[in-house]
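Engineer: predicted model, plus sequence, below.
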Amino acid sequence: MQTKIPATVITGFLGAGKTTLIRNLLESVEGRRIALIINEFGDLGVDGDTLRGCGSQACREEDIVELTNGCICCTVADDFIPTMQKLLDRPQPPDHIVIETSGLALPQPLVAAFNWPDVKARVTVDGVVTVIDTAAVAAGRFAQDEARIAAERARDESLDHDNPLEELFEDQIRAADLVILNKADLVDAAALDAVRTEVLAQAGRNLPVLTARDGKLPVDVLIGIGAGTESLIAERQSHHELHHADGHTHDHEDFDSFLLTLPPAASREALEAALKTAIERHDILRLKGFARIAGKPMRLQVQAVGSRIDSYFDRPATPQETQSRLVVIGLHDRLDAAAQRDIADLLAGAADAAAA
């Protein structure tokens with residue numbers, strides 16, 4: 001009987017370090033051909049571009065598939081199932097499939113899709129790995145904001161959900177076979193213990209919880225779990241399944257994103273200063289993309305998680321890459337049209353300085 005192809009689902013909130021974890025995995029795996037399915041909430045495929053540049057023979061460019069039509073948990077039938085079928089029908093199917101979900105995705109619907117007959121016969125979920133931004137959890141990013149929820153309910157009496165960040169945090173942990181406390185080096189021992197305790201409380205069961213710095217873990221920790229999670233996922237109900245038995249469904253109306261296209265910035269420092277102001281003013285959850293800096297031949301990759309901004313020149317810019325392109329993701333009620341204009345104006349100010 002033909003052995004099923006194992007698939008690893010890597011999930012976790014925006015900026016937790018999923019792409020870095022996958023890049024390290026690809027650099028460590030030997031003798032296996034890996035196919036990647038990458039799902040992003042925004043319209044710009046930053047993660048796929050990053051992974052194409054890793055130079056790994058384990059994952060060639062033709063083995064990377066990007067899905068940018070929304071969170072994969074909401075587009076299972078339209079996007080995920082056809083993508084899986086195309087991968088499996090290749091003359092040389094992959095040895096292992098790695099799926100990186102959007103940071104806003106619920107893993108449960110995705111894992112349940114592996115029970116579709118055409119997929120179940122040929123693929124099994126080796127494990128769901130949930131990556132946690134330890135520093136963000138320790139800082140209270142996913143804690144309930146009672147004042148904000150009360151204000152929202154005052155505006156809309158029909159509102160019955162809790163903090164959307166807390167819900168996602170809970171759901172991504174409840175689906176896990178393994179939890180990685182990434183960026184553990186950014187907190188002290190007491191905070192790390194507190195985060196571990198909180199994770200296990202959200203899980204509601206015992207499961208392995210490991211720590212990591214920069215997403216570095218031995219490949220055999222991530223691959224070879226052998227969980228067969230598609231057969232277990234019905235028992236790992238999401239927040240909405242637990243609290244909305246009347247059929248309330250998951251959506252992403254609490255979050256929004258938009259793409260900014262800007263001229264080159266005057267300097268890296270000017271761009272980061274503008275980003276910092278925009279993030280603090282509008283509580284931006286995630287910002288990522290590629291920027292051009294006046295007079296620099298290299299492309300600047302930009303990654304921001306909350307107030308933490310990281311940027312580095314990753315490769316020479318192509319002749320077509322004449323502008324900066326950045327995806328901004330935040331809570332819907334903080335990214336209305338006025339906020340988007342203000343963010344665009346702030347970042348354009350860094351570009352205007354270059355023109356001057």
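Structural biologist: Looks like it arrived, so ask away. Numbers count the residues shown, from 1 in each chain.

Engineer: in the protein, where's the longest helix?
Structural biologist: helix 337-355 (DSSP state H).

Engineer: what's in contact with that helix?
Structural biologist: 258, 260, 262-267, 270-271, 273-275, 277-278, 281-282, 284, 294, 324, 326, 328 (Cβ atoms under 8 Å, 6 or more residues apart in numbering). C-beta: built from backbone N, CA, C; applies to glycine.

Engineer: what about 6 Å?
Structural biologist: 258, 260, 262-266, 270-271, 274, 277-278, 282, 294 (Cβ atoms under 6 Å, 6 or more residues apart in numbering).

Engineer: and if you look at stretch 168-175?
Structural biologist: 11-12, 106-108, 128, 130, 142, 199, 202-203, 236, 238-239.

Engineer: about what we covered before: mind checking how far the longest helix of the chain is from the chain centre?
Structural biologist: Chain-centre distance of helix 337-355: 26 Å, with Cα atoms, centre = their mean, to the nearest Å.

Engineer: which SS class is R315?
Structural biologist: strand (DSSP: H, G, I helix; E, B strand; the rest coil).

Engineer: so how far is R299 from it?
Structural biologist: Using Cβ to Cβ, to the nearest Å, we find R315 at a distance of 6 Å from R299.

Engineer: neighbour count for these two, which is higher?
Structural biologist: R299 (20 against 13; other Cβ atoms under 10 Å).

Engineer: excluding chain neighbours, give the residue nearest to that one in space.
Structural biologist: Leaving aside its chain neighbours, R299 sits nearest to A317 (4.3 Å; criterion: Cβ to Cβ, 6 or more residues apart in numbering).

Engineer: tell me where the stretch 51-200 of the chain has strands.
Structural biologist: Per DSSP state E, counting those that start in this stretch, the stretch 51-200 of the chain carries strands over the ranges 64-67, 96-100, 123-133, 178-182.

Engineer: farthest pair in the contacts of helix 337-355?
Structural biologist: H282 and A294 (25.5 Å; Cβ to Cβ).

Engineer: in terms of neighbours, single out the busier of those two.
Structural biologist: Per other Cβ under 10 Å, whichever of H282 and A294 has more neighbours is H282, with 20 against 15.

Engineer: residues in contact with that one?
Structural biologist: R334, A339.

Engineer: same question for A35.
Structural biologist: Contacts for A35 (Cβ under 6 Å, 6+ apart) come out as D63, L87, P94, I97.

Engineer: that one in helix, strand or coil?
Structural biologist: Once three-state DSSP is applied, A35 turns out strand.

Engineer: now do L14
Structural biologist: coil.

Engineer: my guess is it meets S102, correct?
Structural biologist: No: look at L14 against S102 with Cβ atoms under 6 Å: they stay out of range, at 8.2 Å.

Engineer: flag the shaky bits of the protein, pLDDT-wise.
Structural biologist: For the chain, applying pLDDT under 70 flags the ranges 1-2, 41-61, 67-78, 143-162, 240-253, 352-356.

Engineer: one step back: out of the contacts of stretch 168-175, which sit inside helices?
Structural biologist: Using DSSP H, those in helices are P107, Q108, V199, Q202, A203, H239.

Engineer: most neighbours, which of these?
Structural biologist: P107 (29 neighbours).

Engineer: give me the buried positions along stretch 201-214.
Structural biologist: Q202, A203, L207, V209, L210, T211, A212 (16 or more other Cβ atoms under 10 Å).

Engineer: among the residues you listed, which lie within strands?
Structural biologist: Of these, the ones assigned to strands by DSSP state E are V209, L210, T211.

Engineer: from these, which is closest to H332?
Structural biologist: Nearest to H332 among those, with distances taken as Cβ to Cβ, is V209, at 31.5 Å.

Engineer: is it true that the closest one touches V179?
Structural biologist: Yes: using Cβ under 6 Å, V209 is in contact with V179, at 4.6 Å.

Engineer: which residues are common contacts for those two?
Structural biologist: The contact lists of V209 and V179 share V199, where a contact means Cβ under 6 Å, 6+ apart.

Engineer: let me know how buried V129 is, in neighbour terms.
Structural biologist: 28.

Engineer: do the one 5 residues further on as well
Structural biologist: A count of neighbours around T134, defined by other Cβ under 10 Å, yields 27.

Engineer: assess the claim that it and V179 are in contact.
Structural biologist: No: the criterion here is Cβ under 6 Å, and T134 misses it with V179 at 10.5 Å.

Engineer: returning to what we had before: what's the burial count for the residue nearest to R299?
Structural biologist: 19.

Engineer: distance of it from T101?
Structural biologist: For A317, the distance to T101 - Cβ to Cβ - is 30 Å.

Engineer: related to what we said a few turns ago, make CSV out of the strands of the stretch 51-200 of the chain and add distance to P82.
Structural biologist: What follows is those, written out as CSV (distance: least, Cβ to Cβ, whole Å):
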stretch, distance to P82
strand 64-67, 10
strand 96-100, 14
strand 123-133, 14
strand 178-182, 28
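
Engineer: in JSON lines: the contacts of stretch 168-175, plus distance to K18.
Structural biologist: JSON lines is the format used below for the contacts of stretch 168-175 (distance: Cβ to Cβ, whole Å):
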{"residue": "T11", "distance to K18": "7"}
{"residue": "G12", "distance to K18": "5"}
{"residue": "L106", "distance to K18": "15"}
{"residue": "P107", "distance to K18": "12"}
{"residue": "Q108", "distance to K18": "17"}
{"residue": "V128", "distance to K18": "12"}
{"residue": "T130", "distance to K18": "9"}
{"residue": "F142", "distance to K18": "16"}
{"residue": "V199", "distance to K18": "16"}
{"residue": "Q202", "distance to K18": "18"}
{"residue": "A203", "distance to K18": "18"}
{"residue": "R236", "distance to K18": "19"}
{"residue": "S238", "distance to K18": "19"}
{"residue": "H239", "distance to K18": "21"}
